[in-house]
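K.L.:
Quick one: sequence and predicted model below, then my questions.
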Amino acid sequence: RSLLAFFLSTELRQRAAIIYTVLELAAFGYAARIYNRTDGASYKFGWIFPRSDGAGGGTSFYTFSGTGDRQQKRLDLKKLPMPEEPEAQQAAHRIQMEKLRRKFPQWERLSVYLSRQGYLLYGDTETTYLPTGEAFLQDMLEKLEQAEHFIFLEFFIIAQGQIWDRMEEIFRRKAAEGVEVKIIFDDFGSMMRFPAGQIEALRESGVEVQIFNPVHHYVNRLYFNYRDHRKIVCIDGSTAYTGGANVADEYANLTVRFGYWKDCGIRLDGPGAWGLTREFLHMWQRNGGQLMQERDYYRPHDHREAAGFCQPFVDGPDNNPISTAEDVFLHLINNARRSVHITTPYLAIDEPMRQALCSAGDSGVDVRLLLPGIPDHKFAYLAAQSHYGELLVHRVKIYIYEPGLLHGKTVLSDGEAAFVGSVNMDYRSFQLHFECGTVLYGVPAIEGLAEDIQRITDRFPPGDVSGVEEPPVVPQAFEYPAAAV
(Lines give C-alpha, C1' and ligand atoms only; values in the text may rest on other atoms or scores of the structure.)
Protein backbone atom coordinates (compact mmCIF):
# COMPACT_ATOMS: atom_id res chain seq x y z
CA ARG A 1 0.00 0.00 0.00
CA SER A 2 2.83 2.37 0.84
CA LEU A 3 4.45 1.63 -2.50
CA LEU A 4 1.12 2.21 -4.29
CA ALA A 5 0.53 5.46 -2.41
CA PHE A 6 4.04 6.61 -3.28
CA PHE A 7 3.50 5.73 -6.95
CA LEU A 8 0.15 7.52 -7.12
CA SER A 9 1.54 10.56 -5.31
CA THR A 10 4.47 10.77 -7.73
CA GLU A 11 2.17 10.31 -10.73
CA LEU A 12 -0.21 13.02 -9.53
CA ARG A 13 2.65 15.45 -8.94
CA GLN A 14 3.98 14.81 -12.43
CA ARG A 15 0.55 15.30 -13.98
CA ALA A 16 -0.03 18.45 -11.90
CA ALA A 17 3.31 19.82 -13.08
CA ILE A 18 2.35 19.15 -16.69
CA ILE A 19 -1.08 20.76 -16.25
CA TYR A 20 0.46 23.75 -14.49
CA THR A 21 3.00 24.19 -17.29
CA VAL A 22 0.25 24.03 -19.91
CA LEU A 23 -1.76 26.66 -18.01
CA GLU A 24 1.34 28.84 -17.70
CA LEU A 25 1.99 28.59 -21.44
CA ALA A 26 -1.67 29.30 -22.21
CA ALA A 27 -1.64 32.32 -19.90
CA PHE A 28 1.54 33.58 -21.56
CA GLY A 29 0.04 33.08 -25.01
CA TYR A 30 -3.15 34.88 -24.08
CA ALA A 31 -1.15 37.69 -22.45
CA ALA A 32 0.84 38.13 -25.65
CA ARG A 33 -2.39 38.11 -27.64
CA ILE A 34 -3.87 40.83 -25.42
CA TYR A 35 -0.67 42.88 -25.56
CA ASN A 36 -0.74 42.88 -29.35
CA ARG A 37 -4.32 44.14 -29.48
CA THR A 38 -4.96 47.75 -30.48
CA ASP A 39 -6.73 48.54 -27.20
CA GLY A 40 -5.35 50.92 -24.58
CA ALA A 41 -3.06 50.00 -21.72
CA SER A 42 -5.86 50.06 -19.16
CA TYR A 43 -7.51 47.23 -21.06
CA LYS A 44 -4.31 45.26 -21.65
CA PHE A 45 -2.90 45.29 -18.15
CA GLY A 46 -6.32 44.80 -16.61
CA TRP A 47 -6.53 41.44 -18.35
CA ILE A 48 -2.84 40.46 -18.46
CA PHE A 49 -2.59 40.47 -14.66
CA PRO A 50 -5.44 38.02 -13.98
CA ARG A 51 -4.41 35.86 -16.94
CA SER A 52 -0.86 35.54 -15.62
CA ASP A 53 -1.91 34.12 -12.25
CA GLY A 54 -0.96 30.64 -13.40
CA ALA A 55 -4.22 29.16 -12.17
CA GLY A 56 -6.11 29.65 -15.39
CA GLY A 57 -8.80 31.76 -13.75
CA GLY A 58 -7.95 34.92 -15.64
CA THR A 59 -7.71 33.03 -18.91
CA SER A 60 -11.07 31.37 -18.39
CA PHE A 61 -12.84 34.55 -17.34
CA TYR A 62 -11.41 36.51 -20.27
CA THR A 63 -12.41 33.80 -22.71
CA PHE A 64 -16.00 33.61 -21.49
CA SER A 65 -16.63 37.18 -20.35
CA GLY A 66 -17.18 38.61 -23.81
CA THR A 67 -14.18 40.95 -23.59
CA GLY A 68 -12.13 38.99 -26.08
CA ASP A 69 -12.40 39.04 -29.85
CA ARG A 70 -15.56 38.96 -31.98
CA GLN A 71 -17.65 40.68 -29.29
CA GLN A 72 -20.19 41.99 -31.75
CA LYS A 73 -21.07 38.41 -32.75
CA ARG A 74 -22.20 37.68 -29.21
CA LEU A 75 -24.97 40.23 -29.27
CA ASP A 76 -28.32 39.62 -30.90
CA LEU A 77 -27.90 42.73 -33.04
CA LYS A 78 -28.37 42.64 -36.78
CA LYS A 79 -25.54 44.07 -38.84
CA LEU A 80 -27.58 46.75 -40.54
CA PRO A 81 -25.80 49.71 -42.15
CA MET A 82 -27.10 53.13 -41.24
CA PRO A 83 -29.40 54.25 -44.11
CA GLU A 84 -27.81 56.95 -46.25
CA GLU A 85 -29.20 60.43 -45.73
CA PRO A 86 -31.03 62.08 -48.65
CA GLU A 87 -29.00 64.45 -50.81
CA ALA A 88 -30.91 67.46 -49.45
CA GLN A 89 -29.85 66.51 -45.91
CA GLN A 90 -26.25 66.00 -46.97
CA ALA A 91 -26.24 69.36 -48.76
CA ALA A 92 -27.55 71.05 -45.61
CA HIS A 93 -24.78 69.32 -43.66
CA ARG A 94 -22.11 70.65 -46.04
CA ILE A 95 -23.50 74.18 -45.70
CA GLN A 96 -23.39 73.94 -41.90
CA MET A 97 -19.84 72.58 -42.02
CA GLU A 98 -18.72 75.60 -44.04
CA LYS A 99 -20.46 77.98 -41.63
CA LEU A 100 -18.75 76.32 -38.67
CA ARG A 101 -15.36 76.49 -40.40
CA ARG A 102 -15.73 80.24 -40.80
CA LYS A 103 -17.15 80.98 -37.36
CA PHE A 104 -15.29 78.43 -35.22
CA PRO A 105 -12.14 77.38 -37.15
CA GLN A 106 -10.66 75.98 -33.92
CA TRP A 107 -13.28 73.20 -33.97
CA GLU A 108 -13.27 72.38 -37.68
CA ARG A 109 -11.10 69.28 -37.15
CA LEU A 110 -13.49 67.84 -34.56
CA SER A 111 -16.53 68.44 -36.77
CA VAL A 112 -14.73 66.91 -39.77
CA TYR A 113 -13.73 63.87 -37.69
CA LEU A 114 -17.34 63.23 -36.63
CA SER A 115 -18.56 63.89 -40.16
CA ARG A 116 -16.24 61.21 -41.50
CA GLN A 117 -17.63 58.83 -38.88
CA GLY A 118 -21.07 59.46 -40.40
CA TYR A 119 -22.48 62.06 -37.97
CA LEU A 120 -24.05 65.15 -39.49
CA LEU A 121 -23.70 68.72 -38.27
CA TYR A 122 -26.93 70.62 -37.62
CA GLY A 123 -27.69 74.32 -37.32
CA ASP A 124 -30.86 76.16 -36.31
CA THR A 125 -31.35 73.85 -33.34
CA GLU A 126 -32.51 75.26 -30.02
CA THR A 127 -30.50 73.83 -27.14
CA THR A 128 -31.55 73.80 -23.50
CA TYR A 129 -29.10 72.76 -20.78
CA LEU A 130 -30.80 71.05 -17.84
CA PRO A 131 -28.46 71.31 -14.82
CA THR A 132 -29.94 68.64 -12.54
CA GLY A 133 -31.58 65.25 -12.81
CA GLU A 134 -34.77 66.80 -11.43
CA ALA A 135 -34.81 69.44 -14.17
CA PHE A 136 -33.95 66.86 -16.85
CA LEU A 137 -36.71 64.42 -15.89
CA GLN A 138 -39.36 67.05 -15.15
CA ASP A 139 -38.76 68.79 -18.49
CA MET A 140 -38.97 65.42 -20.23
CA LEU A 141 -42.27 64.55 -18.53
CA GLU A 142 -43.78 67.85 -19.64
CA LYS A 143 -42.72 67.26 -23.25
CA LEU A 144 -44.00 63.67 -23.18
CA GLU A 145 -47.42 65.01 -22.25
CA GLN A 146 -47.40 67.03 -25.50
CA ALA A 147 -46.52 64.09 -27.79
CA GLU A 148 -48.89 63.62 -30.74
CA HIS A 149 -47.12 61.20 -33.09
CA PHE A 150 -44.39 59.14 -31.42
CA ILE A 151 -42.31 58.67 -28.27
CA PHE A 152 -39.00 56.79 -28.26
CA LEU A 153 -36.98 55.96 -25.12
CA GLU A 154 -33.62 54.22 -24.76
CA PHE A 155 -32.12 53.93 -21.27
CA PHE A 156 -29.62 51.88 -19.32
CA ILE A 157 -31.87 51.87 -16.23
CA ILE A 158 -35.64 51.94 -15.93
CA ALA A 159 -36.74 51.37 -12.35
CA GLN A 160 -40.05 51.29 -10.55
CA GLY A 161 -40.81 54.41 -8.54
CA GLN A 162 -42.45 57.80 -8.72
CA ILE A 163 -40.74 58.86 -11.97
CA TRP A 164 -41.62 55.62 -13.73
CA ASP A 165 -45.22 55.71 -12.45
CA ARG A 166 -45.72 59.11 -14.08
CA MET A 167 -44.11 57.99 -17.32
CA GLU A 168 -46.04 54.75 -17.47
CA GLU A 169 -49.34 56.57 -17.11
CA ILE A 170 -48.39 58.87 -19.98
CA PHE A 171 -47.29 55.96 -22.18
CA ARG A 172 -50.48 53.98 -21.64
CA ARG A 173 -52.64 57.00 -22.32
CA LYS A 174 -50.69 58.08 -25.39
CA ALA A 175 -50.66 54.56 -26.83
CA ALA A 176 -54.45 54.45 -26.44
CA GLU A 177 -54.63 57.72 -28.39
CA GLY A 178 -52.66 56.18 -31.26
CA VAL A 179 -49.23 57.61 -30.44
CA GLU A 180 -46.40 55.22 -31.37
CA VAL A 181 -44.46 54.41 -28.18
CA LYS A 182 -41.22 52.44 -28.30
CA ILE A 183 -38.92 51.64 -25.37
CA ILE A 184 -35.46 50.04 -25.26
CA PHE A 185 -33.89 49.32 -21.88
CA ASP A 186 -30.78 47.43 -20.84
CA ASP A 187 -31.50 44.19 -19.04
CA PHE A 188 -28.48 44.31 -16.76
CA GLY A 189 -28.95 47.97 -15.81
CA SER A 190 -32.62 47.42 -14.96
CA MET A 191 -32.17 44.01 -13.33
CA MET A 192 -34.38 43.50 -10.24
CA ARG A 193 -35.86 46.98 -10.71
CA PHE A 194 -38.25 46.52 -13.64
CA PRO A 195 -40.38 43.35 -13.27
CA ALA A 196 -41.34 41.17 -16.22
CA GLY A 197 -45.01 41.53 -15.34
CA GLN A 198 -44.83 45.27 -15.83
CA ILE A 199 -43.20 44.81 -19.22
CA GLU A 200 -46.00 42.52 -20.36
CA ALA A 201 -48.62 44.96 -19.09
CA LEU A 202 -47.00 47.71 -21.14
CA ARG A 203 -47.04 45.55 -24.26
CA GLU A 204 -50.68 44.71 -23.73
CA SER A 205 -51.47 48.42 -23.58
CA GLY A 206 -49.88 48.98 -27.01
CA VAL A 207 -46.38 50.06 -25.95
CA GLU A 208 -43.55 48.31 -27.83
CA VAL A 209 -40.72 47.20 -25.54
CA GLN A 210 -37.29 45.78 -26.37
CA ILE A 211 -34.89 44.35 -23.79
CA PHE A 212 -31.27 44.94 -24.78
CA ASN A 213 -28.88 41.99 -24.43
CA PRO A 214 -30.92 39.89 -21.96
CA VAL A 215 -28.74 38.56 -19.17
CA HIS A 216 -30.51 35.20 -18.98
CA HIS A 217 -29.13 34.35 -22.42
CA TYR A 218 -25.65 34.30 -20.90
CA VAL A 219 -26.09 32.70 -17.49
CA ASN A 220 -23.48 30.05 -18.23
CA ARG A 221 -21.20 32.18 -20.42
CA LEU A 222 -21.01 35.62 -18.79
CA TYR A 223 -21.39 37.36 -22.16
CA PHE A 224 -23.04 40.39 -20.62
CA ASN A 225 -20.25 42.97 -20.65
CA TYR A 226 -21.66 44.91 -23.60
CA ARG A 227 -24.43 47.10 -22.24
CA ASP A 228 -26.67 49.78 -23.70
CA HIS A 229 -25.64 52.75 -21.56
CA ARG A 230 -27.35 55.33 -23.80
CA LYS A 231 -29.92 57.84 -22.61
CA ILE A 232 -32.09 58.95 -25.52
CA VAL A 233 -35.62 60.35 -25.66
CA CYS A 234 -37.20 61.40 -28.96
CA ILE A 235 -40.60 63.08 -29.26
CA ASP A 236 -42.45 63.81 -32.51
CA GLY A 237 -39.22 64.28 -34.47
CA SER A 238 -38.60 67.84 -33.31
CA THR A 239 -37.43 67.19 -29.74
CA ALA A 240 -34.71 64.91 -28.36
CA TYR A 241 -32.89 64.51 -25.04
CA THR A 242 -29.64 63.00 -23.90
CA GLY A 243 -27.57 63.24 -20.74
CA GLY A 244 -26.52 61.29 -17.69
CA ALA A 245 -29.80 60.58 -15.88
CA ASN A 246 -31.74 57.33 -16.09
CA VAL A 247 -35.40 56.70 -15.34
CA ALA A 248 -35.19 56.10 -11.58
CA ASP A 249 -36.08 58.09 -8.49
CA GLU A 250 -32.50 58.59 -7.26
CA TYR A 251 -31.71 60.69 -10.33
CA ALA A 252 -34.39 63.19 -9.23
CA ASN A 253 -33.35 62.86 -5.56
CA LEU A 254 -36.72 61.39 -4.64
CA THR A 255 -34.69 58.72 -2.86
CA VAL A 256 -31.22 59.22 -1.41
CA ARG A 257 -28.46 56.72 -2.18
CA PHE A 258 -25.14 58.59 -2.37
CA GLY A 259 -25.87 62.00 -0.92
CA TYR A 260 -27.22 64.53 -3.40
CA TRP A 261 -27.30 63.05 -6.91
CA LYS A 262 -26.06 65.79 -9.27
CA ASP A 263 -26.85 64.99 -12.88
CA CYS A 264 -27.54 66.99 -16.04
CA GLY A 265 -28.82 66.72 -19.61
CA ILE A 266 -29.53 68.56 -22.83
CA ARG A 267 -32.66 69.06 -24.92
CA LEU A 268 -32.45 69.60 -28.68
CA ASP A 269 -35.38 71.19 -30.51
CA GLY A 270 -35.19 71.38 -34.28
CA PRO A 271 -33.10 69.69 -36.98
CA GLY A 272 -30.49 68.40 -34.52
CA ALA A 273 -33.07 66.16 -32.85
CA TRP A 274 -32.84 63.91 -35.91
CA GLY A 275 -29.25 63.05 -34.98
CA LEU A 276 -30.54 61.14 -31.93
CA THR A 277 -33.82 59.93 -33.46
CA ARG A 278 -32.06 58.19 -36.33
CA GLU A 279 -29.74 56.43 -33.89
CA PHE A 280 -32.70 55.15 -31.88
CA LEU A 281 -34.38 53.88 -35.04
CA HIS A 282 -31.17 52.15 -36.09
CA MET A 283 -30.80 50.40 -32.72
CA TRP A 284 -34.49 49.43 -32.78
CA GLN A 285 -34.11 47.77 -36.16
CA ARG A 286 -30.78 46.12 -35.27
CA ASN A 287 -32.52 44.67 -32.23
CA GLY A 288 -35.15 43.08 -34.47
CA GLY A 289 -37.85 45.75 -34.31
CA GLN A 290 -39.99 47.09 -37.13
CA LEU A 291 -40.94 50.67 -37.98
CA MET A 292 -44.63 51.53 -38.24
CA GLN A 293 -43.98 54.33 -40.76
CA GLU A 294 -41.51 55.22 -43.48
CA ARG A 295 -38.25 56.57 -42.11
CA ASP A 296 -38.87 60.15 -43.28
CA TYR A 297 -42.01 60.26 -41.12
CA TYR A 298 -39.81 60.51 -38.02
CA ARG A 299 -37.80 63.51 -39.20
CA PRO A 300 -38.27 67.07 -37.85
CA HIS A 301 -40.75 68.99 -39.98
CA ASP A 302 -40.69 72.44 -38.39
CA HIS A 303 -38.31 75.30 -39.15
CA ARG A 304 -36.46 77.23 -36.46
CA GLU A 305 -33.71 79.80 -36.25
CA ALA A 306 -31.07 79.36 -33.58
CA ALA A 307 -27.40 80.20 -33.06
CA GLY A 308 -24.57 77.69 -33.13
CA PHE A 309 -24.34 74.06 -34.16
CA CYS A 310 -24.81 70.59 -32.68
CA GLN A 311 -23.44 67.21 -33.77
CA PRO A 312 -25.03 64.20 -32.03
CA PHE A 313 -23.13 60.90 -32.21
CA VAL A 314 -23.08 57.40 -30.74
CA ASP A 315 -20.42 54.82 -29.99
CA GLY A 316 -20.33 51.13 -29.19
CA PRO A 317 -18.13 48.02 -28.92
CA ASP A 318 -18.98 46.95 -32.45
CA ASN A 319 -17.18 50.12 -33.56
CA ASN A 320 -13.85 48.98 -32.06
CA PRO A 321 -10.97 49.63 -32.45
CA ILE A 322 -12.31 53.10 -33.28
CA SER A 323 -13.45 54.81 -30.08
CA THR A 324 -15.48 57.78 -31.27
CA ALA A 325 -16.38 58.98 -27.78
CA GLU A 326 -12.80 58.86 -26.51
CA ASP A 327 -11.59 60.63 -29.65
CA VAL A 328 -14.14 63.40 -29.10
CA PHE A 329 -12.87 63.90 -25.55
CA LEU A 330 -9.27 64.01 -26.79
CA HIS A 331 -10.17 66.59 -29.46
CA LEU A 332 -11.88 68.82 -26.90
CA ILE A 333 -8.85 68.60 -24.57
CA ASN A 334 -6.06 68.86 -27.14
CA ASN A 335 -7.62 71.77 -29.05
CA ALA A 336 -8.37 73.86 -25.96
CA ARG A 337 -6.43 77.12 -25.82
CA ARG A 338 -7.69 78.65 -22.58
CA SER A 339 -9.69 76.17 -20.53
CA VAL A 340 -11.15 72.67 -20.44
CA HIS A 341 -13.54 71.74 -17.62
CA ILE A 342 -14.76 68.15 -17.23
CA THR A 343 -17.42 66.57 -15.02
CA THR A 344 -17.41 62.79 -14.67
CA PRO A 345 -18.41 60.29 -11.98
CA TYR A 346 -15.48 58.01 -12.87
CA LEU A 347 -11.87 58.65 -13.83
CA ALA A 348 -10.24 55.42 -15.03
CA ILE A 349 -8.12 56.51 -17.97
CA ASP A 350 -5.11 55.20 -19.86
CA GLU A 351 -1.99 56.91 -21.19
CA PRO A 352 -3.36 58.94 -24.14
CA MET A 353 -6.08 60.59 -22.05
CA ARG A 354 -3.78 61.14 -19.08
CA GLN A 355 -1.10 62.63 -21.31
CA ALA A 356 -3.63 64.92 -22.99
CA LEU A 357 -4.76 66.29 -19.61
CA CYS A 358 -1.20 66.71 -18.37
CA SER A 359 0.00 68.32 -21.59
CA ALA A 360 -2.90 70.78 -21.55
CA GLY A 361 -2.14 71.70 -17.93
CA ASP A 362 1.56 72.21 -18.70
CA SER A 363 0.62 74.38 -21.68
CA GLY A 364 -1.15 76.92 -19.49
CA VAL A 365 -4.68 75.68 -20.19
CA ASP A 366 -6.97 75.90 -17.16
CA VAL A 367 -7.76 72.18 -16.77
CA ARG A 368 -10.40 71.35 -14.15
CA LEU A 369 -11.71 67.90 -13.24
CA LEU A 370 -14.92 67.77 -11.21
CA LEU A 371 -15.48 64.44 -9.46
CA PRO A 372 -17.92 63.02 -6.90
CA GLY A 373 -17.38 63.27 -3.17
CA ILE A 374 -19.59 60.26 -2.42
CA PRO A 375 -18.88 57.53 -5.00
CA ASP A 376 -21.22 54.72 -5.96
CA HIS A 377 -18.33 52.32 -6.69
CA LYS A 378 -15.40 52.14 -4.25
CA PHE A 379 -12.93 50.58 -6.69
CA ALA A 380 -13.67 53.23 -9.32
CA TYR A 381 -13.12 55.87 -6.65
CA LEU A 382 -9.72 54.40 -5.79
CA ALA A 383 -8.84 54.19 -9.48
CA ALA A 384 -9.59 57.91 -9.83
CA GLN A 385 -7.45 58.73 -6.80
CA SER A 386 -4.53 56.83 -8.28
CA HIS A 387 -4.29 59.52 -10.99
CA TYR A 388 -4.43 62.54 -8.68
CA GLY A 389 -0.69 62.80 -7.94
CA GLU A 390 0.47 62.94 -11.55
CA LEU A 391 -2.37 65.22 -12.64
CA LEU A 392 -1.69 67.72 -9.85
CA VAL A 393 2.01 67.82 -10.71
CA HIS A 394 0.99 68.90 -14.22
CA ARG A 395 -1.24 71.70 -12.93
CA VAL A 396 -4.56 69.93 -13.41
CA LYS A 397 -7.02 71.21 -10.80
CA ILE A 398 -9.23 68.62 -9.10
CA TYR A 399 -12.55 69.59 -7.54
CA ILE A 400 -14.55 67.21 -5.36
CA TYR A 401 -18.32 67.64 -5.24
CA GLU A 402 -18.71 67.05 -1.52
CA PRO A 403 -22.55 66.83 -1.21
CA GLY A 404 -22.77 63.57 -3.08
CA LEU A 405 -22.50 61.82 -6.43
CA LEU A 406 -21.59 64.09 -9.33
CA HIS A 407 -23.00 61.94 -12.14
CA GLY A 408 -23.14 64.37 -15.09
CA LYS A 409 -20.88 63.63 -18.06
CA THR A 410 -19.73 66.88 -19.70
CA VAL A 411 -16.70 68.49 -21.29
CA LEU A 412 -16.49 72.28 -21.78
CA SER A 413 -13.64 73.64 -23.88
CA ASP A 414 -12.81 77.36 -24.09
CA GLY A 415 -16.45 78.16 -23.26
CA GLU A 416 -17.11 77.60 -26.96
CA ALA A 417 -17.41 73.86 -27.59
CA ALA A 418 -18.88 71.23 -25.29
CA PHE A 419 -20.02 67.64 -24.91
CA VAL A 420 -23.09 66.48 -22.99
CA GLY A 421 -24.15 62.84 -22.96
CA SER A 422 -23.88 59.40 -21.38
CA VAL A 423 -20.10 58.84 -21.66
CA ASN A 424 -18.00 58.38 -18.52
CA MET A 425 -14.22 58.86 -18.55
CA ASP A 426 -13.47 55.18 -18.17
CA TYR A 427 -12.70 52.12 -20.23
CA ARG A 428 -16.22 50.71 -20.03
CA SER A 429 -17.69 53.78 -21.72
CA PHE A 430 -14.89 54.12 -24.24
CA GLN A 431 -14.74 50.45 -25.27
CA LEU A 432 -17.50 48.23 -23.86
CA HIS A 433 -20.75 50.21 -23.70
CA PHE A 434 -23.12 51.58 -26.31
CA GLU A 435 -23.02 55.33 -25.60
CA CYS A 436 -24.37 58.59 -26.98
CA GLY A 437 -24.06 62.34 -26.68
CA THR A 438 -23.85 65.54 -28.63
CA VAL A 439 -21.09 68.01 -29.33
CA LEU A 440 -22.19 71.63 -29.11
CA TYR A 441 -20.49 74.55 -30.85
CA GLY A 442 -21.33 78.13 -29.89
CA VAL A 443 -24.89 77.40 -28.73
CA PRO A 444 -26.54 79.36 -25.87
CA ALA A 445 -26.79 76.18 -23.77
CA ILE A 446 -23.02 76.28 -23.34
CA GLU A 447 -23.45 79.32 -21.10
CA GLY A 448 -25.75 77.28 -18.86
CA LEU A 449 -23.17 74.50 -18.63
CA ALA A 450 -20.40 77.00 -17.87
CA GLU A 451 -22.46 78.62 -15.11
CA ASP A 452 -23.26 75.21 -13.61
CA ILE A 453 -19.59 74.25 -13.49
CA GLN A 454 -18.66 77.66 -12.09
CA ARG A 455 -21.13 77.26 -9.24
CA ILE A 456 -19.50 73.98 -8.25
CA THR A 457 -15.91 75.22 -8.49
CA ASP A 458 -16.75 78.40 -6.54
CA ARG A 459 -18.28 76.36 -3.74
CA PHE A 460 -15.62 73.63 -3.59
CA PRO A 461 -12.22 75.15 -4.51
CA PRO A 462 -9.45 72.60 -5.06
CA GLY A 463 -7.34 73.90 -2.17
CA ASP A 464 -10.14 73.09 0.29
CA VAL A 465 -10.62 69.49 -0.78
CA SER A 466 -9.36 67.03 1.80
CA GLY A 467 -7.05 64.37 0.43
CA VAL A 468 -6.43 65.95 -2.98
CA GLU A 469 -3.31 68.00 -2.35
CA GLU A 470 -1.71 64.87 -0.84
CA PRO A 471 -3.39 62.04 -2.75
CA PRO A 472 -3.45 58.55 -1.28
CA VAL A 473 -0.72 56.18 -2.32
CA VAL A 474 -2.22 53.58 -4.65
CA PRO A 475 0.03 50.94 -6.22
CA GLN A 476 0.56 51.74 -9.88
CA ALA A 477 -0.37 48.18 -10.82
CA PHE A 478 -3.76 48.59 -9.15
CA GLU A 479 -4.97 51.36 -11.42
CA TYR A 480 -5.06 49.15 -14.51
CA PRO A 481 -7.53 46.50 -13.24
CA ALA A 482 -9.53 49.20 -11.50
CA ALA A 483 -10.00 50.98 -14.81
CA ALA A 484 -12.26 48.15 -15.90
CA VAL A 485 -14.72 48.78 -13.05
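P.N.:
Perfect, thanks for sending it.
K.L.:
where does this protein have low pLDDT?
P.N.:
Along the chain, the model assigns pLDDT under 70 to residues 1-75, 216-224, 463-485.
K.L.:
tell me the SS of the residue most central in space within it?
P.N.:
What sits nearest the mean C-alpha location of the chain, by Cα atoms, centre = their mean, is Val423, with 2.9 Å. Three-state call for Val423 (DSSP: H, G, I helix; E, B strand; the rest coil): coil.
K.L.:
was I right about it contacting Ala325?
P.N.:
Yes: between Val423 and Ala325 a contact is recorded at 4.5 Å, counting by Cβ atoms under 8 Å. Any C-beta I mention is one placed from the backbone N, CA and C, and that applies to glycine too.
K.L.:
For the nearest residue to Leu254 once chain neighbours are set aside, list the residues it contacts.
P.N.:
Of all residues not flanking Leu254 in the chain, Gln162 sits nearest, at 5.3 Å (Cβ to Cβ, 6 or more residues apart in numbering). Listed by Cβ atoms under 8 Å, 6 or more residues apart in numbering, the contact set of Gln162 reads Asp249, Ala252, Leu254.
K.L.:
how does it look with 10 Å?
P.N.:
Shown in contact with Gln162 (Cβ atoms under 10 Å, 6 or more residues apart in numbering): Leu137, Ala248, Asp249, Ala252, Leu254, Thr255.
K.L.:
Number of residues surrounding the fifth one?
P.N.:
If I follow you right, that is Leu254. 15 (other Cβ atoms under 10 Å).
K.L.:
Helix or strand: which one has it?
P.N.:
In the assignment (DSSP states H and E), Leu254 maps to no helix and no strand.
K.L.:
how far away is it from Trp164?
P.N.:
To Trp164, Leu254 is 11 Å away according to Cβ to Cβ, to the nearest Å.
K.L.:
Return every residue with contacts to both of these two.
P.N.:
Listed as contacting both Leu254 and Trp164 by Cβ under 10 Å, 6+ apart are Ala248.
K.L.:
residue boundaries of the strands in the stretch 51-200 of the chain?
P.N.:
Here the stretch 51-200 of the chain has its strands, by DSSP state E, counting those that start in this stretch, at 122-123, 126-130, 150-155, 180-186.
K.L.:
need these in TSV with distance to Gly237 and mean neighbour count, can you?
P.N.:
Formatted as TSV, the strands of the stretch 51-200 of the chain follow (distance: least, Cβ to Cβ, whole Å; neighbours: other Cβ atoms under 10 Å):
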stretch	distance to Gly237	mean neighbour count
strand 122-123	13	24
strand 126-130	14	23
strand 150-155	8	24
strand 180-186	11	22
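K.L.:
For His331, find the nearest of these.
P.N.:
Comparison of those against His331 by Cβ to Cβ identifies strand 122-123 as nearest, at 18.3 Å.
K.L.:
List the neighbouring strands of the closest one plus their orientation.
P.N.:
Strand 122-123 has its sheet partners listed here by DSSP bridges as strand 309-315 (antiparallel).
K.L.:
From the chain's centroid, how far away is the strand it pairs with?
P.N.:
13 Å (Cα atoms, centre = their mean, to the nearest Å).
K.L.:
and if you look at stretch 260-280?
P.N.:
13 Å.
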